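Enquirer: What would the 3D arrangement of this be:
(chains A and B)
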2 protein chains.
Amino acid sequence: MRAELAFNFETYHADRQKLIEKRLAQYLASDDPSNLWESMRYSVLSGGKRIRATLCLAAAEAVEASGLGQSDGGFDALSTALPCACAIEMVHAMSLMHDDLPCMDDDDFRRGKPSNHKVFGEAIALLAGDNLLVYAFETILAHTQAVDLSKTLLVCRELAAATGARGMVGGQVLDMALTGQGASLATTEQNAHQLSQILSQIHERKTGALIRFSVWSGACLMGASDNTLVRLGRFGEILGLSFQIADDLLDVSGDIKTLGKTPGKDQASGKLTWISAYGEEAARQKLNELEAEGQELLKQSELTESALKPLNSLLSYAIRRTH
Amino acid sequence: MRAELAFNFETYHADRQKLIEKRLAQYLASDDPSNLWESMRYSVLSGGKRIRATLCLAAAEAVEASGLGQSDGGFDALSTALPCACAIEMVHAMSLMHDDLPCMDDDDFRRGKPSNHKVFGEAIALLAGDNLLVYAFETILAHTQAVDLSKTLLVCRELAAATGARGMVGGQVLDMALTGQGASLATTEQNAHQLSQILSQIHERKTGALIRFSVWSGACLMGASDNTLVRLGRFGEILGLSFQIADDLLDVSGDIKTLGKTPGKDQASGKLTWISAYGEEAARQKLNELEAEGQELLKQSELTESALKPLNSLLSYAIRRTH
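Expert: Presented below is the predicted three-dimensional model:
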């Protein structure tokens, strides 16, 4: 019903954010040992925009609102997908905690606040990250009530794939290797295509795999068909890539107040980004192409147009956000 | 049949070690990205004694050889438990990799070889540890053929519990907090009991939880009864504690060649151990009590005496090993 009324993305997003924040706070309410959980809460409950978790909920809701899937077992979309949505935010937060450590990016600030290890020390930041990774799986396993056990198992398996060597961690390793090559990767007309290929591979793993998983898992838990899952998975990849290009554009055009982190850092460190490989104008053009491709994929799915409004709006948001 | 012949623990252990090594090498055969997997293989395939994995196999075999459990679905004990046994070794290896990092114990050697981060760098050692943690779950989820899906999910959930705040990671945090207190914890007759309580709590989580899980999971996957699972879980706790006390004794009586690590390091750093809290003689006495308790628990289980020989021998081994 809701999806058939005039759709207001800001209200939709704010409502989902509230649900996610509340549930995350419940899952992270432990105090044993106290500094470990404080450290976890510091990074997870730091008021992010919860795009990944919202994507998971939105995909589950789209299947439900289309009257598809096997979701007639009394499980509504939000209750079914919330544990998985929260798990995704835990994995995302732990990746930032470990990335910020001195042996990695050595970043003292995150979202406008001191990084986790600046507050709790490196050892606790390391262990709290380890624990979040494990706790993400535990959260799904302990709290998911999906249409059947095999879906829960499949979702855990795909989360592992999205997080591990073929996903987030592997992308981070490839990114470090590339950054190490420094000046030898200066863009010329001859190697621009090659560089954009390398960048795509890195981003598909480092950030894309978890975003793809966010969309896919919400629909999977609601029992969506294989056909719909394939389209939504690809939509997630498109959205992840859009997100990354928009992020690179923000690094050159944003300021510390809206970004919550030091702008121009990527450029200053000589890091290969979409801007350094393509230039700003071509990056903006690429974003437009991705938006059209993402919209087309949603049209090709079995989901109804009104049920797809949140996912469509999330794509626009990823592309047009200013921070 | 095998268990009814004269039982030779060394042969039994060597055979299981070979199976585990071979399977671990198969699971870790990937090369994408190459340095990440090399780093993982360096630490996982470094020739440990595989006590945890062997315990998992031995518990599964004990259920099978007793003709108990629901193991008549064509799944033999070794095939059923091997993925989980390997996952346990991955979790154990990652905990050592992260523990050795400069921001933690800052140890340059492990098992007589340079620590992972001395070979691959801190960033890769960190990420390879993260990946091993995730890959442990993926290994169980992708390769386990248990009596039913609910057992596989339960085992993943318990692995998360054994690894996270209530287990290994939480124990590490408590241990760090205690070590930080230094001299204020000097043992007196008055606080000896209190210190031994604190030590028990730390070890039950830091090393005990994963060892308990090793025994419990092998039996669980074979469909053992709740009664047997409770006894074996407690047996695992006893064995884990024995292992730790024996380890502390080795730290004062071993040498670098047999230990593969610097002896006397715990004592030199003023770390609270069973020896510093109790003294050497009382620690040896405690080990004898634990052995008797462990043997009694096995007797009380529904498993046959001959089927229990490997588990009984593993307890003796934990207590009497010299390295």
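Enquirer: Could you count how many residues lie near the residue lying closest to residue A:88 once chain neighbours are set aside?
Expert: Sequence neighbours aside, residue A:52 is the residue nearest to residue A:88 in space, at 4.7 Å (criterion: CB to CB, 6 or more residues apart in numbering or on different chains). (Glycine included, C-beta is placed from N, CA and C.) By other CB atoms under 10 Å in any protein chain shown, 23 other residues sit near residue A:52.
Enquirer: Give me the helix or strand of chain A that scores worst on average pLDDT.
Expert: Comparing helices and strands within chain A by mean pLDDT, DSSP states H and E singles out helix A:256-259 as the least confident, with a mean of 54.
Enquirer: for the residue nearest to residue A:88, what are its contacts?
Expert: Residue A:52 makes contact with A:85, A:88-89, A:92, A:210-211, A:214 under the criterion CB atoms under 8 Å, 6 or more residues apart in numbering or on different chains.
Enquirer: Which residue is the nearest non-sequential neighbour of residue A:36?
Expert: Distances taken as CB to CB, 6+ apart place residue B:173 nearest to residue A:36, at 4.8 Å, with adjacent residues excluded.
Enquirer: that's a helix at the one you found, yeah?
Expert: Yes. Looking at residue B:173 with DSSP: H, G, I helix; E, B strand; the rest coil, it is inside a helix.
Enquirer: Go ahead and confirm it touches residue A:126.
Expert: No. With contact defined as CB atoms under 8 Å, residue B:173 does not reach residue A:126; the gap is 10.5 Å.
Enquirer: Neighbours of residue A:200, how many?
Expert: Using other CB under 10 Å, residue A:200 has 16 other residues around it.
Enquirer: try the one 5 residues further on
Expert: Around residue A:205 sit 26 other residues, with neighbours defined as other CB under 10 Å.
Enquirer: you'd agree it is in a helix?
Expert: Yes. Counting by three-state DSSP, residue A:205 is found in a helix.
Enquirer: residue contacts, it?
Expert: Applying CB under 8 Å, 6+ apart, we find residue A:205 in contact with A:166-168, A:170-171, A:174.
Enquirer: Quick check: the gap between residue A:65 and residue A:303.
Expert: Counting by CB to CB, to the nearest Å, the gap from residue A:65 to residue A:303 is 8 Å.
Enquirer: Same question for residue A:321.
Expert: From residue A:321 over to residue A:303 the distance is 24 Å, taken as CB to CB.
Enquirer: and those two? which has more neighbours close in?
Expert: residue A:303 (25 against 14).
Enquirer: ok, the more buried one touching residue A:66?
Expert: Yes. In this structure, residue A:303 is within contact of residue A:66 by CB under 8 Å, at 4.4 Å.
Enquirer: if we can go back for a sec, tell me which element the residue nearest to residue A:88 is part of?
Expert: In this assignment (DSSP states H and E), residue A:52 forms part of helix A:51-65.
Enquirer: Next secondary structure after that helix?
Expert: Assigned by DSSP H and E, the successor of helix A:51-65 is helix A:77-100.
Enquirer: Buried residues, that next one. List them.
Expert: By 16 or more other CB atoms under 10 Å in any protein chain shown, the buried positions in helix A:77-100 come out as A:77-78, A:80-100.
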